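Trainee: okay, sequence plus prediction incoming.
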Amino acid sequence: MRFAEHWSFATVMATRDLAPTIREIVLKPDAPVGTWPPGSHINIAVLVDGRPQRRSYSLVPSMVEGTLRIAVRLADDSRGGSRAMWALQAGQRLEITNPTSLFEIDWSRNTYCLIAGGIGVTPMLGIAAALARKGLDPIVHYAVKSRADAALHEELADLLGDRLLLHAADVGKRLDLDATFRALPADAIAVVCGPLRMLDAARQAWRDAGRRPTDLCFETFGSSGRLPTSDFRVRIASTGNEIMVPRDRSMLDALNAAGYEVISDCQRGECGVCAVDVTTVEGEIDHRDVFFSAHEKQTSAKMCACVSRARGTVTVDTLYRPDQLPGAAA
């Protein structure tokens, strides 16, 4: 495992709406969690339709000492996690992990460009504040569908002033990644957090600008994809057994529940540990990871079971060969 998770309990202290579809939740851990790197996240155990699930949420700098602050978008295309989080009330108890960061940022540069798409703004406030404390002046590009969706805008504006650039699609202000990256100094670092389409576009624009891949740092959220989230079937190549993956469960969870024991690590589509071989596709795979290249996604020889989904039926080889396998639900 890349990260050693430590689970403990926390109490919901307060909730409030930051935007029509974004809710702030303040948690009080039972035990102090200490300091954590800017851009860190926590995993939270939630019940979705009576089944235990885990979801990851980036930490926003908290205004109250000893508390953890997150913001959750109520997703139309949710697998149920955001609905469960929005239902939380003050006083409820939750299990959470210790804060962990997946951003690998070189803090020694002079120029930083932060790019947030929608709820991807949550880790950017902490990263921007850390850079400001170092005496640096990061530029933050914040892309949203509408000005009303721009949660945390006021806090970012107070910190950054005119170095915060809001790109609201409803007033025709769209972010031009190609122009933005080409205008940066040669030693600049770009940090991106947003939906999969934004990350794919950012990676392509970064390559087109001739920049070093290691100077682009990013984080994604695995619920985003090209296709609507729906049920699909997974056929096991070695047995012919078929498993239904409901819209509110991941392929990884469904395979493990059926006894196929697919190993995993980040469960965010970033490390590739849970990748399984794909033998045939009857329909279409929706690759929601940032581990595989565009070419690898096009060939669809593998898929990350933790976040990627499909439309139709996909046949996979999990490499697991038990003598006797529990019956799988068709």
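Mentor: Nice, thanks for sending it over.

Trainee: so what sits opposite Val276 in the bridge?
Mentor: Going by DSSP bridges, Val276 is paired in beta bridges with Met303.

Trainee: what is the neighbour count of it?
Mentor: Val276 has 24 neighbours, counted by other CB atoms under 10 Å. To be clear about C-beta, it is placed using only N, CA and C from the backbone, and glycine gets the same treatment.

Trainee: helices or strands next to the helix or strand hosting Asn43 in the packing?
Mentor: For Asn43, the element it lies in under DSSP states H and E is strand 41-48. Identification of packing neighbours for strand 41-48 by 3 or more CB pairs under 8 Å, 6 or more residues apart in numbering; DSSP states H and E yields strand 51-60, helix 81-86, strand 93-97.

Trainee: mind checking the pLDDT average for the shortest one?
Mentor: Right, strand 93-97. On average, the pLDDT along strand 93-97 is 95.

Trainee: the first one too?
Mentor: Confidence over strand 51-60, taken as the mean pLDDT, stands at 88.

Trainee: quick one: buried residues of it?
Mentor: 53-60 (16 or more other CB atoms under 10 Å).

Trainee: what of the shortest one?
Mentor: Within strand 93-97, the residues that qualify as buried by neighbour count (16+ other CB under 10 Å) are 94, 96-97.

Trainee: can you report phi and psi for Leu177?
Mentor: Main-chain torsions, Leu177, degrees, to the nearest 10: phi -70, psi -40.

Trainee: and it, what is it in contact with?
Mentor: By CB atoms under 8 Å, 6 or more residues apart in numbering, the residues touching Leu177 are 115, 201-202, 205.

Trainee: swap the cut-off to 10 Å and go again
Mentor: Taking CB atoms under 10 Å, 6 or more residues apart in numbering, we find Leu177 in contact with 115, 141, 143, 190, 192, 198, 201-206, 208-209.

Trainee: how close does it get to Trp206?
Mentor: Leu177 sits 8 Å away from Trp206, going by CB to CB, to the nearest Å.

Trainee: who touches both of these two?
Mentor: Shared contacts of Leu177 and Trp206, defined by CB under 10 Å, 6+ apart, comprise 190, 192.

Trainee: Glu284 in helix, strand or coil?
Mentor: strand (DSSP: H, G, I helix; E, B strand; the rest coil).
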